[in-house]
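K.L.:
no sequence for this one, just the structure:
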């Protein structure tokens, strides 16, 4: 005969103890995801039926040029840092050079109603900001940079 | 005492001042928050010792929360989420020709709220820590569970809030089951080929910087990075500020600061909840509720004293239980970890000098914030007009430095920054709640250890209910927070339905 208290007894095998909590959490996540779909699903479906995909994207107010430009530029910046840095290792030059280019490109992407004055400001900012950051961290604080 | 005085040098106060000024500037720029200020400036603390690093971070925290009142009052855009209610009466005051008066009321109220919460922190945190030292793994696990339900209960949907928190826990479990915490050193969740990068899971700071730095920039990019035209910011003197405006407002100051401090103590609950609650309470208690929203100083006082009351309040669970009170203190936990210090019930007792130095730093940050903002508000107001296309590249570079340098030059940490920047941006669009996610991520590994070790020791699930009267009390608190959430959701739905019926009737 098993008593009710036996139902709650747990024996943990140390060899497999690393899986106990993650497995529980995964089941919990799956159950909650299902509950979210059940409770919020009808509302989402109604919204989906209500408007076309194009209209919904429009309503979301996506500035495609700036968003996708930023999302494309950033990984390129990150990916270029180490290869450029390997030319002069342990100097932080990879960070400095790529930041010059990225700084200007991001400003150029974000600016509105660009003119010569703004272009000059962006160029100066793209030169000065990375140089200050690089000098402060790589030389004054002696922090490793790519 | 010697340790305290040796750390309280000129550099210490210069760093508090620097942090406060940078924080104010971050807070004053709409779209940039106190959390972002702390996250982006973290690399500046890498070369500092703990006390000096904390000086800078506390300054950033207090400055960041306070700076939000500037755009809220001048252009009707809250600089930080916690200054949302400052717009209700602050902006009408600007329109009535009293911008400087409104700003100075806000600044003085912020000082009061900040100092009030620092006093509560000073007296309450050690008591709570002494109490929490007695907790076993069972009670510690229940405290984490309570923290998650409290955060989730204040989200738009409790279910989504808990889901976000549990997702944070899941992400925190990537990598090996840490042997130093009694684990078996085996890899889980991630595939073998990723173990080179994720053996110890995602680093906390790149994840935080990604969520609070990069995702904000992605969000701004999506909205088109619009700047405030300079001529929108007018700081005409109008009627001058006089301290007599606070006559009869003492009860408001105490009530709002208490609300801010109390809400700050609740894990993961942001300043917007504190200021909304304080504002609505002040309106309820007022003899002239009709004046609110038309430029009534009491509204600005309630909002600003409560959101600065949050600062000391949010540090209470951080320093006494190791649970961050809000997203900014979550970043502070990263700074402590960086210095090899574990925050929790033992922190105050074992680091008495650091604790005293922190308290002095917090008070100093509030006084410096007041001095800087009160006397230089005209100059600070101009920061609103600095173009974002010049600011964001620099912020992005600081994010990279912070992520890359945290583990002395690991490129994967920079990619972590990008991954979580994108996750934060897309997650919020899909309705995920970032605050519970962060708290879940920070507390996940501890929750695992407390849960598994409790079961290993006692061998039964019933121990979580029967271990001690404290465990029972914590279950009662968990039930209250869940019950409150269900009640408030139903109430909101019923309000919506009534409003809908009203509209239909009007048609």
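P.N.:
Here it is on my side, so go on. The structure displayed is predicted, hence computed values, not measured ones.
K.L.:
burial count for residue 101?
P.N.:
Answering for chain A, as no chain was given. 16 (other Cβ atoms under 10 Å in any protein chain shown). In this view, the C-beta of every residue, glycine as well, is placed from N, C-alpha and C.
K.L.:
Actually, chain B is the one I wanted.
P.N.:
23.
K.L.:
and what of residue B:385?
P.N.:
15.
K.L.:
any idea which helix or strand comes after the least confident helix or strand in chain A by mean pLDDT?
P.N.:
In chain A, no helix or strand scores lower on mean pLDDT, DSSP states H and E than helix A:53-59, which sits at a mean of 63. Along the chain past helix A:53-59, the next helix or strand (assigned with DSSP states H and E) turns out to be helix A:64-85.
K.L.:
anything in the next helix or strand after that following helix near chain B?
P.N.:
Downstream of helix A:64-85, the next assigned helix or strand under DSSP H and E is helix A:93-110. Yes: using Cβ under 8 Å from any Cβ of the partner chain, we find that helix A:93-110 touches chain B at A:95, A:99, A:102-104, A:106-107, A:109-110.
K.L.:
Would you mind giving the domain segments of chain A?
P.N.:
What automatic domain parsing lists as the domains of chain A is A:14-56, A:64-140.
K.L.:
Quick check: the farthest pair among the residues of helix A:93-110 next to chain B?
P.N.:
A:95 and A:110 (20.8 Å; Cβ to Cβ).
K.L.:
if we can go back for a sec, please identify the deepest-packed of the domains of chain A.
P.N.:
domain A:64-140 (a mean of 17; mean count of other Cβ atoms under 10 Å in any protein chain shown).
K.L.:
In chain A, which helix is the longest?
P.N.:
The single longest helix within chain A, with elements called by DSSP state H, is helix A:17-50.
K.L.:
who does it touch, helix- and strand-wise?
P.N.:
Under the contact definition 3 or more Cβ pairs under 8 Å, 6 or more residues apart in numbering or on different chains; DSSP states H and E, helix A:17-50 sits against helix B:158-172, strand B:187-188, helix B:434-458.
K.L.:
Flag the shaky bits of the stretch 101-250 of chain B, pLDDT-wise.
P.N.:
When residues are selected by pLDDT under 70, those of the stretch 101-250 of chain B lie in B:154, B:228-239.
K.L.:
So which bits of it are right by chain A?
P.N.:
Applying Cβ under 8 Å from any Cβ, one finds that the stretch 101-250 of chain B approaches chain A through B:157, B:159-160, B:162-163, B:166-167, B:169-170, B:173, B:176-177, B:183-189, B:214, B:217-218, B:221-227.
K.L.:
change it to 7 Å
P.N.:
By Cβ under 7 Å from any Cβ of the partner chain, the part of the stretch 101-250 of chain B that sits against chain A consists of B:159-160, B:162-163, B:166-167, B:169-170, B:173, B:177, B:183-184, B:186, B:188-189, B:217-218, B:221-225.
K.L.:
How about the residues of the stretch 251-400 of chain B by chain A?
P.N.:
Listed as neighbours of chain A in the stretch 251-400 of chain B under the rule Cβ under 7 Å from any Cβ: B:388-390, B:392-394, B:396-398, B:400.
K.L.:
Counting neighbours, what do you get for residue B:495?
P.N.:
Neighbour tally, residue B:495, other Cβ under 10 Å: 10.
K.L.:
From chain A, how far out is it?
P.N.:
17 Å (Cβ to the nearest Cβ, to the nearest Å).
K.L.:
Mind checking what secondary structure that residue has?
P.N.:
helix (DSSP: H, G, I helix; E, B strand; the rest coil).
K.L.:
Tell me who's in contact with residue B:32.
P.N.:
residue B:26 (Cβ atoms under 7 Å, 6 or more residues apart in numbering or on different chains).
K.L.:
would it count as being in a helix?
P.N.:
No: Residue B:32: not assigned to a helix; according to three-state DSSP it is coil.
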